[in-house]
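For reference, the sequence and a predicted model appear below.
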Amino acid sequence: AKKSLRQRVVDELKHYYDGFHLLWTDTKVAARMVWRLLHGQVLTRRERRRLLRTCADLFRLVPFLVFVIVPFMEFLLPVFLKLFPEMLPSTFETESKKEEKQKKKLNAKLELAKFLRETIIEMAKRNKADTG
């Protein structure tokens, strides 16, 4: 069933509210990690990745805020997202976008595995021919 225009707008506003809320939470956690780093503590690998992701999200937020602040520029946001898909902070990604990224990564891994398998088979044939 197709949603009404009002419901789509409300859903979009909720999506952006949740995205900003998650970004705020990530920023608070990242600030605590930076505080720990400044006081000589060592971060785990997971914490370091989270800190880097949050910093990257904050840098991505700057061009995104231009779309929010300038009137009627939010109508151009889909065009810019098509041109620059990594422009939005990670907290604003939808589930379908996350699944699409995972599928692309999996397909790339499968193609690499096929290539490696074919290469090994060819090498085995050459070795048999050389020794035989």
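Right, received. Where do you want to start? Numbers count the residues shown, from 1 in each chain.

So which residue is dead centre in this protein?
Most central residue of the chain, judged by C-alpha distance to the mean C-alpha position with CA atoms, centre = their mean, is residue 90 at 4.9 Å.

Distance from the longest helix seen in the chain to the middle of the chain?
If you go by DSSP state H, the chain has its longest helix at helix 95-131. Helix 95-131 has its C-alpha centroid displaced from the chain centroid by 24 Å (CA atoms, centre = their mean, to the nearest Å).

Helices of the chain, residue ranges please.
Along the chain, counting by DSSP H, helices occupy 5-38, 45-69, 77-83, 95-131.

dump the residue contacts of the nearest residue in space to residue 77 that is not next to it in sequence.
Once flanking residues are discounted, residue 77 sits nearest to residue 67: 5.0 Å by CB to CB, 6 or more residues apart in numbering. C-betas here are computed from N, CA, C, even on glycine. Listed by CB atoms under 8 Å, 6 or more residues apart in numbering, the contact set of residue 67 reads 73, 74, 76, 77, 80.

Highest neighbour count among these?
When neighbours are counted by other CB atoms under 10 Å, residue 80 leads the contacts of residue 67 with 16 neighbours.

Farthest-apart pair in the contacts of residue 67, please.
Spatial extent of the contacts of residue 67 (CB to CB) is set by the pair 74 and 80 at 10.3 Å.

what's the closest of the contacts of residue 67 to residue 107?
Checking the contacts of residue 67 against residue 107 by CB to CB gives residue 80 as the nearest, at 25.7 Å.

follow-up on the earlier one: just the buried residues of the longest helix of the chain, please?
Neighbour-count burial for helix 95-131, counted by 16 or more other CB atoms under 10 Å, picks out no residue.

How many residues are close by residue 26?
The burial count for residue 26: 20, using other CB under 10 Å.

And for it, nearest residue in space, chain neighbours not counted?
residue 54 (4.5 Å).

show me what contacts residue 30?
Applying CB under 8 Å, 6+ apart to residue 30 gives the contacts 50, 51, 54, 55.

actually residue 54, sorry about that
23, 26, 27, 29, 30.
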